[in-house]
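Student: let's see this in three dimensions:
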Amino acid sequence: MTGLPALLGRIPDDYKPLASLAIGAFILVCLVMFHGGGMHSIFVQYQRGEKRLRQGRPHKAAASALFGWSIFLMLAMHVAEISVWAFSLTELGLIQRPRDALYFCANAYTTLGFGNIDLDKSWRNLSPIIGISGLFTFAWTTSALVDIVARRNRLVEQLDLEREEEKHLRTQLRKDEGAALIREQDAEHAAKAKAHADAAGAAFLEHYRIWREEEKKLTELRKAGATEIREFRAKERSEEDNLGKKYSPPGSPDMK
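Tutor: Numbering: from 1, shown residues only. A predicted model of the protein is given here:
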């Protein structure tokens, strides 16, 4: 786009500072609007992920991954905004090499002010405007980040409570399963003892009938024991699935 540098060159030198202010203000407003939309999307994405974590099993690693992904998206937005400034300066012909433009804009955007690259004195008003855009967007990001950090801390506290309750439920499940197995074994021993007592001195056919009844009784006991254990496990899974609802703050949007 050789036309833009040529067009800027036809602006009288006395008006170039005003032109730089106008161009910079336009780009700044566009970037701040872009930043606002991006921050809204990041926050909505975090809220949706948080809701899934609250309603599901207590996965702290997933909570950390969600938080880290949100931070990365914020960083990516700032890098994109610096790149827009660098692209604009390059296309306007104010800085020739893209890498120099990127370095200059990164320093101005972060208000670092360090570097050996500068704009022509007629267009140097763009430098503080780039810095102002960085101040606006960093302030916005900081505000959103404070809110996300607070939400993340509350989420981790809930997941810790859910994790402790999950451990308790699984410990109780093992105890219930052990007790059910013991009851089954006791019932089997009692059935075998009764069958042996009834078969003592009985005829062959009677002995065979008692043996069949014993096998049938043992099968029923084992089925009943297996059914009881399945019910314990189903109940434990259901209680684990409802941990998020149990520990979510009353009236929170996560419960709706």
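
Student: which helices and strands does whatever helix or strand Ala197 lives in pack with?
Tutor: Using DSSP states H and E, Ala197 sits in helix 126-199. Contacts defined by 3 or more Cβ pairs under 8 Å, 6 or more residues apart in numbering; DSSP states H and E place helix 126-199 against helix 16-55, helix 60-91, helix 98-109, helix 204-241, helix 243-247. For glycine as for every other residue, the C-beta is placed from the backbone atoms N, C-alpha and C.

Student: can you redo those as a markdown table with mean neighbour count, distance to Arg183 and mean pLDDT?
Tutor: Below are the helices and strands packed on helix 126-199 laid out as a markdown table (neighbours: other Cβ atoms under 10 Å; distance: least, Cβ to Cβ, whole Å; pLDDT from 0 to 100):
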| stretch | mean neighbour count | distance to Arg183 | mean pLDDT |
| --- | --- | --- | --- |
| helix 16-55 | 16 | 36 | 92 |
| helix 60-91 | 17 | 37 | 94 |
| helix 98-109 | 20 | 71 | 92 |
| helix 204-241 | 14 | 7 | 78 |
| helix 243-247 | 16 | 28 | 63 |
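
Student: tell me the mean pLDDT over the helix holding Ala197?
Tutor: For helix 126-199, mean pLDDT is 86.

Student: can you put the helices and strands packed on helix 126-199 in CSV and add distance to Leu119?
Tutor: As requested, the helices and strands packed on helix 126-199 are exported to CSV (distance: least, Cβ to Cβ, whole Å):
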stretch, distance to Leu119
helix 16-55, 8
helix 60-91, 8
helix 98-109, 8
helix 204-241, 60
helix 243-247, 54
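
Student: looking at those, which is closest to Thr171?
Tutor: Closest to Thr171 of the helices and strands packed on helix 126-199 is helix 204-241 (Cβ to Cβ; 10.2 Å).

Student: now do the contacts for the residue nearest the centre of the chain.
Tutor: Nearest to the mean C-alpha position of the chain, counting by Cα atoms, centre = their mean, stands Leu66 at 2.3 Å. Contacts for Leu66 were tallied using Cβ atoms under 8 Å, 6 or more residues apart in numbering; they are Tyr46, Gly49, Glu50, Leu53.

Student: which one among those gets closest to Asp186?
Tutor: Out of the contacts of Leu66, the member with the shortest distance to Asp186 (by Cβ to Cβ) is Leu53, at 43.5 Å.

Student: and the gap between the closest one and Tyr46?
Tutor: According to Cβ to Cβ, to the nearest Å, Leu53 and Tyr46 sit 10 Å apart.

Student: one more: Thr137?
Tutor: Taking Cβ to Cβ, one finds Thr137 at 18 Å from Tyr46.

Student: cool, Tyr15 as well?
Tutor: Distance of Tyr15 to Tyr46, computed by Cβ to Cβ: 46 Å.

Student: go on, Tyr103?
Tutor: 32 Å.

Student: swap in Gly115?
Tutor: Between Gly115 and Tyr46 the distance is 35 Å, computed by Cβ to Cβ.

Student: repeat that for Asp13.
Tutor: 49 Å.

Student: quick one: which of the contacts of Leu66 is nearest Leu31?
Tutor: Proximity of those to Leu31 (Cβ to Cβ) peaks at Tyr46, which lies at 22.0 Å.

Student: please name the nearest non-neighbouring residue to the closest one.
Tutor: Nearest non-adjacent residue to Tyr46, counting by Cβ to Cβ, 6 or more residues apart in numbering: Ser70, 5.0 Å away.

Student: Arg222 touches Glu184, doesn't it?
Tutor: Yes: using Cβ atoms under 8 Å, Arg222 is in contact with Glu184, at 6.7 Å.

Student: over to Tyr15: give its phi and psi.
Tutor: Dihedral angles of Tyr15 (phi, psi; degrees, to the nearest 10) stand at phi -100, psi -10.

Student: ok, Asp147 - contacts?
Tutor: Contact analysis of Asp147 by Cβ under 8 Å, 6+ apart lists Phe43.
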